[in-house]
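S.K.: sequence and computational prediction follow.
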Amino acid sequence: MSPSLFFILAFGKMEHRHGGPPKFTFTNGTLADKLCHQKIMAEPIPYLDLKAQIKPLRAEIDAAIARTIDNCSFCLGPDTAQFEKDFAKYCGAEYAIGFNSGTSALHVALLLLNLKPGDEVITTPYTFVATSWAISYVGAKPVYVDIDDATFNLDPKKIEKAITPRTKAVMPVHLYGQPFDVDPILEICRRHKLPLVEDACQSHGAKYKGKTIGTFGEMSGFSFYPGKNLGAFGEGGALVTNSAEFARRARSLREHGSSVRYYHDEVGFNYRMEGIQGAVLGIKLKHLEKWTRERRRVAKRYAELLAGTPLQLPQEASFAESVWHLYVVRHPQRDALKKYLDENGVGNAVHYPIPLHLQKCYAELGHKVGDFPVAEKAGRECLSLPIYPELTDAQIQRVAEAIKGFFSK
């Protein structure tokens, strides 16, 4: 049988029309759909696809970058200033101060609280190390408290036992896009007269009891690393606050401790946001709400498709509206599952395999295996699946089918 005859028999028929080319009519859409599905199922699924996000925005972003170049506003400048206003409004805050990274923003937040060597800051052992870096940079000591098993966030019930006379602040993380339980932590802070600093670097636009996170504490820090829900074309960050004094001093500290050029009131840093990053973020911020809705769509579909598997699925707390920066599942056979997904073309990642209290850089804190068992268990079991606004339902199904394939073998 010739290939052309097989094609006609499989998919449809060829009708010859007088005075024109033959017309092909599909009669077996089911088979065509199956072959299309097989093609999709054979293509690798990237863990993150920034190209898909940038492509429809490219002309708008190119114009914004060109404007910045034409203005020669490479450090801070009008595009960064406009983004700061827009991001503050988005967060429901009075001020947003642009930085060169989220790490720098958190560092300056703790400097504004006048922390000194010997002071202690209560935080989580299960997050990216930059949270603890900010504490170490001011000479203070990170004091870890274990996490909640369902949400991965700092467990409020364990905080008060960690408070000592040297405790000067509490800095929890809104991890993976999931807000931490703000009210009980705020109550502890008020009772002990401790400032709350929110590490919101992974949770742009997440809501706690209907209110956007980032304005519950004295300050919050955001990251605009390219892979974040709101990502720059390089490094970037912001400090958000309702305090005019904190905002004034943060602007000075990020620019060499100077409010007036060549006059330096205190030792500062070169932590300025680049003008091009401000321009890019200003464009992308307009699309963030739509991207968040799409991330929530993906998370909902994963929950439906993976409900019958042995995985422990992430839970959105009753008080929270997550922005699903990451979709993190758990299983004791995490490493074997990761290997299987890698071999089957399904992107994935591990966040975070070694909790901070067991990292070599914090060996002087004297922690050992077993000190924070929930965080340690999460480190052994967690696996991040692809989640981004452009992920199609067919791709989501392929991820789910691959996971089911692992458990059925």
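M.R.: Good, I have the coordinates.
S.K.: tell me the spacing between residue 50 and residue 226.
M.R.: To residue 226, residue 50 is 6 Å away according to C-beta to C-beta, to the nearest Å. Where C-beta positions appear, they are placed from N, C-alpha and C, glycine not excepted.
S.K.: and the helices in the stretch 151-300 of the chain?
M.R.: Secondary structure of the stretch 151-300 of the chain (DSSP state H, counting those that start in this stretch): helices at 182-192, 244-254, 275-285, 288-305.
S.K.: dump the ones you listed to CSV, plus mean neighbour count, mean pLDDT and distance to residue 387.
M.R.: Output for these, formatted as CSV (neighbours: other C-beta atoms under 10 Å; pLDDT from 0 to 100; distance: least, C-beta to C-beta, whole Å):
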stretch, mean neighbour count, mean pLDDT, distance to residue 387
helix 182-192, 15, 98, 24
helix 244-254, 19, 98, 32
helix 275-285, 24, 98, 17
helix 288-305, 17, 98, 5
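S.K.: for residue 63, which of those helices is the nearest?
M.R.: helix 275-285 (8.7 Å; C-beta to C-beta).
S.K.: now do that closest one against helix 288-305, angle only.
M.R.: 60 degrees (axes from the mean of the first three to the mean of the last three C-alpha atoms, to 10 degrees).
S.K.: may I have helix 275-285 as CSV, with CA atoms only?
M.R.: C-alpha atoms of helix 275-285 as CSV (Å, rounded to 0.1, in the frame of the first residue of the first chain):
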residue,chain,number,x,y,z
GLY,A,275,17.5,51.0,34.5
ILE,A,276,17.0,48.2,32.0
GLN,A,277,15.6,45.9,34.7
GLY,A,278,13.2,48.6,35.8
ALA,A,279,12.0,48.9,32.2
VAL,A,280,11.5,45.2,31.7
LEU,A,281,9.8,44.7,35.1
GLY,A,282,7.4,47.6,34.3
ILE,A,283,6.2,45.8,31.2
LYS,A,284,6.0,42.4,32.8
LEU,A,285,4.1,43.7,35.9
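S.K.: what sits up against it?
M.R.: By C-beta atoms under 8 Å, 6 or more residues apart in numbering, the surrounding residues in contact with helix 275-285 are 57, 60-61, 64-65, 67-69, 71, 73-84, 86-87, 90, 98, 224, 230-236.
S.K.: can you select the buried ones among these for me in PyMOL?
M.R.: Listed next is the PyMOL selection for buried residues among the contacts of helix 275-285, using 16 or more other C-beta atoms under 10 Å:
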select buried, resi 61+64+65+68+73+76+77+79+80+81+83+84+86+87+90+98+224+230+231+232+233+235+236
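S.K.: from the contacts of helix 275-285, which land in strands?
M.R.: residue 98 (DSSP state E).
S.K.: if we can go back for a sec, redo the helices of the stretch 151-300 of the chain as CSV? Include distance to residue 314.
M.R.: Shown next, in CSV, are these (distance: least, C-beta to C-beta, whole Å):
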stretch, distance to residue 314
helix 182-192, 19
helix 244-254, 33
helix 275-285, 25
helix 288-305, 8
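S.K.: out of the ones you listed, nearest to residue 211?
M.R.: Of all the helices of the stretch 151-300 of the chain, helix 182-192 sits nearest to residue 211, with 8.7 Å by C-beta to C-beta.
S.K.: what's that closest one packed up against?
M.R.: Contact here means 3 or more C-beta pairs under 8 Å, 6 or more residues apart in numbering; DSSP states H and E; on that basis helix 182-192 packs against strand 167-171.
S.K.: so what touches the strand it packs on?
M.R.: 106, 110, 113, 115, 119-123, 131, 134-135, 140, 143, 159, 185, 188-189, 192, 194-199.
S.K.: do stretch 241-251 as well
M.R.: 93-95, 97, 108-109, 112, 215, 218-220, 239, 259.
S.K.: ok, which pair from those is furthest apart?
M.R.: The largest separation in those, counting by C-beta to C-beta, is between 215 and 259 at 24.6 Å.
S.K.: so for these two, which residue has more residues nearby?
M.R.: Neighbour totals were compared for residue 215 and residue 259, and residue 215 leads with 20 against 13 (other C-beta atoms under 10 Å).
S.K.: I'd guessed that one sits against residue 91; true?
M.R.: Yes. Assessed by C-beta atoms under 8 Å, residue 215 is found in contact with residue 91 at 6.1 Å.
S.K.: identify the contacts common to these two.
M.R.: Common neighbours of residue 215 and residue 91, counting by C-beta under 8 Å, 6+ apart, are residue 240.
S.K.: contact partners for residue 274?
M.R.: Counted by C-beta under 8 Å, 6+ apart, residue 274 has contacts 74-75, 80, 100, 234, 236.
S.K.: now the closest residue to residue 87 other than its chain neighbours, what's its secondary structure?
M.R.: Counting by C-beta to C-beta, 6 or more residues apart in numbering, residue 87 lies nearest to residue 96, which is 4.3 Å off, once chain neighbours are set aside. Using DSSP: H, G, I helix; E, B strand; the rest coil, the structure places residue 96 in strand.
S.K.: also residue 328?
M.R.: Recorded secondary structure, residue 328: strand (three-state DSSP).
S.K.: do the same with residue 351
M.R.: When classified by three-state DSSP, residue 351 comes out as coil.
S.K.: what about residue 374, helix or strand, and which?
M.R.: helix 373-381 (DSSP states H and E).
S.K.: how about that helix as CSV, C-alpha atoms only?
M.R.: Extracted in CSV, the C-alpha atoms of helix 373-381 (Å, rounded to 0.1, in the frame of the first residue of the first chain):
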residue,chain,number,x,y,z
PRO,A,373,13.0,16.7,61.4
VAL,A,374,10.2,18.2,59.3
ALA,A,375,12.5,20.3,57.2
GLU,A,376,14.9,17.4,56.9
LYS,A,377,12.2,15.1,55.7
ALA,A,378,11.0,17.7,53.2
GLY,A,379,14.6,17.9,51.9
ARG,A,380,14.7,14.2,51.2
GLU,A,381,11.2,14.0,49.6
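S.K.: next one: that helix to chain centre, how far?
M.R.: 20 Å (C-alpha atoms, centre = their mean, to the nearest Å).
S.K.: which residues are in contact with that helix?
M.R.: Contact partners of helix 373-381, identified using C-beta under 8 Å, 6+ apart, comprise 124-126, 144, 146-149, 152, 155, 312, 330-332, 334, 352-355, 357-358, 369-370.
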